[in-house]
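Colleague: Fold the following.
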Amino acid sequence: MKWYSRIPSPLIMLFLIILVVAAMTWLLPAGLYERIEVNGRLRVVPGSYGEVESTPLSIFEVFKTFPDGYKRATPIIFICLASALMFSLLERTRTIENAVGRIVHLMGQNRAELLLVLLTFVYGMLGVMVGYENNIATIPIAAIVVLALGGDLVLAAGVSVGGMTVAFGLSPINFYTVGNGHLIADLPLFSGAWLRTILCAGGLALMAWYNVRYYRKLQADPANAIGGDLDTSGMKLSKPLEEYEITGRNWLLLAIFLCGLGAVLYGVFNVEGFHINDTSAIFLMVTVVLALASGLSGKDVTEAGFRSIAQMAPATFIIGMATTVSVIMEQGQIQDTISNGLANALSGLPTYLSAIGMSIGQSGLNLLIPSGSGQAMATLPVMIPLGNELGLSPQISILAFQVGDGITNLFNPSLGGLVAMLSLCRVPFDRWLRFALPLTGMLLIWAWMGLLLAVAVGYQ
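Modeller: Numbering: from 1, shown residues only. Next up, the predicted model:
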């Protein structure tokens, strides 16, 4: 039996993580840092950690945290449902299929590898400039394109989910990680972008190469496909490429869809306080307009919507479970204990090794606190002063945090956006791990080389 056949589903993995974290509330001492409010957000006071009375959770209390977790995850759950509803109409009217079929026919399948590279970088730029969950509605488009080129759904996830995750994680302008880190360290916002830009561009190039490499394996022998037996109904082109035409109604629906994405982009870059709920609202408005312009009957619209919700339901269930992990840590008051323990473990290490160790520690913590901004507020106020003692500039400590948080997002079952996007590509988590784990190792080596360079040049 091969190792990947033993990988449990993300549902089982998350339940095991929940049990482990619940046990930790009994095994670890409860502790808290003092916090002060800065710019409307609570920030940890370095050196203020102290133990408090333990609040271990009973079995009953653990299960009571599930509703709280789902309540906290509502914005992510809802944007997943809104995206699925919007795409269901584009799928039912064959708008995306006709557009993809026509584009692939005009470009020619002999340029498939070039198109895979371009798509990887396009999704990467979306990750850099727009964010993560805000792009969820674009994921099924990659599935249709990649299938039309002779790839499988795992490759489609590599192009879209992989490209977006790598670029978002290493983005030189990621506000959730770098931005919050710079605010905490009182550094100019997004300063030192040159090194993060190199790491991000190199990471995306590695992702594109990895996708092309996998595509070549598929073309050489279809038996190499990790996702060869996955359900592609509604995503695969239904006729020869030369028969595809984009109808007038298709153009209208595409224009409505692109206007919606344009509104999201405008909001992200120009509207202060534009968040995930605003994106969900735009997606719902686009869905209503698409329904009115689609020419479909009310029955067809309803059936398409319910089918999309049914397909997305497992992912939304898992998203709620993932958020439950952080609720248990907060109620058990062990989040600060773990952060303090990480800081103590790093103290005394040589300078170069401490930078790598800081990123590894953040990688482990990312499984428990998948929110980049949440991790930043919980750990960086501790890690930045510790880094100064170890000879690391605040800029290097923030980069180590970003590397640890960003790259491990490729296989983090606690990251709701990742699970939702894989669900839209219909890729089971175990198949994704078979594809993504070797890549993750390569990316970590690349990022650690960047960290060592940062220490060598005194990155400021």
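
Colleague: Ala84 is in contact with Gln311, correct?
Modeller: Yes. Shown here, Gln311 and Ala84 form a contact pair, counting by CB atoms under 8 Å, at 6.7 Å. For every residue, glycine as well, the C-beta is placed using N, CA and C.

Colleague: and the two? which has more neighbours close in?
Modeller: Neighbour totals were compared for Gln311 and Ala84, and Ala84 leads with 29 against 16 (other CB atoms under 10 Å).

Colleague: Could you report the pLDDT at that one?
Modeller: The per-residue pLDDT reported for Ala84 equals 87.

Colleague: And the one 4 residues further on, by the same measure?
Modeller: Predicted confidence (pLDDT) for Ser88: 89.

Colleague: Please apply the same query to Tyr4.
Modeller: At Tyr4, the pLDDT recorded in the model is 61.

Colleague: ok, now Leu265?
Modeller: Looking at Leu265, the pLDDT reads 81.

Colleague: That one sits in which helix or strand?
Modeller: helix 248-270 (DSSP states H and E).

Colleague: Can I get that helix in CSV? Just the C-alpha atoms.
Modeller: Below are the C-alpha coordinates for helix 248-270, written out as CSV (Å, rounded to 0.1, in the frame of the first residue of the first chain):
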residue,chain,number,x,y,z
GLY,A,248,-24.3,37.1,-28.6
ARG,A,249,-25.8,36.0,-25.4
ASN,A,250,-22.5,34.5,-24.3
TRP,A,251,-20.8,37.8,-24.9
LEU,A,252,-23.4,39.5,-22.8
LEU,A,253,-23.0,37.1,-19.9
LEU,A,254,-19.2,37.3,-20.1
ALA,A,255,-19.4,41.1,-20.0
ILE,A,256,-21.6,40.9,-16.9
PHE,A,257,-19.3,38.5,-15.2
LEU,A,258,-16.2,40.6,-16.1
CYS,A,259,-17.9,43.8,-14.9
GLY,A,260,-18.4,42.0,-11.5
LEU,A,261,-14.8,41.1,-11.3
GLY,A,262,-13.9,44.6,-12.3
ALA,A,263,-16.0,45.9,-9.4
VAL,A,264,-14.2,43.7,-7.0
LEU,A,265,-10.8,44.9,-8.2
TYR,A,266,-12.0,48.5,-7.9
GLY,A,267,-13.2,47.9,-4.4
VAL,A,268,-10.0,46.2,-3.3
PHE,A,269,-7.7,49.0,-4.6
ASN,A,270,-9.9,52.1,-4.1
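
Colleague: Identify all contacting residues around that helix.
Modeller: Here helix 248-270 makes contact (CB atoms under 8 Å, 6 or more residues apart in numbering) with 86, 89-90, 93-95, 98-99, 129-131, 134, 137-138, 246, 274, 278-279, 282-283, 285-286, 289-290, 293-295.

Colleague: Selecting buried members of those residues in PyMOL, what would you type?
Modeller: Only the buried entries of the contacts of helix 248-270 go into this PyMOL selection, using 16 or more other CB atoms under 10 Å:
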select buried, resi 86+89+90+93+94+95+98+99+129+130+131+134+137+138+274+278+279+282+283+286+289+290+294
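
Colleague: List of residues touching the helix or strand harbouring Val104?
Modeller: Secondary structure from DSSP H and E places Val104 in helix 95-107. Around helix 95-107, the neighbours that count as contacts under CB under 8 Å, 6+ apart are 87, 90-91, 115, 140-141, 144-145, 148-149, 237-239, 241-247, 249-250, 253-254, 257.

Colleague: for the helix or strand just after that helix, what is the average pLDDT?
Modeller: Sequence order places helix 112-129 as the next helix or strand after helix 95-107, per DSSP H and E. Mean pLDDT, computed over helix 112-129, is 91.
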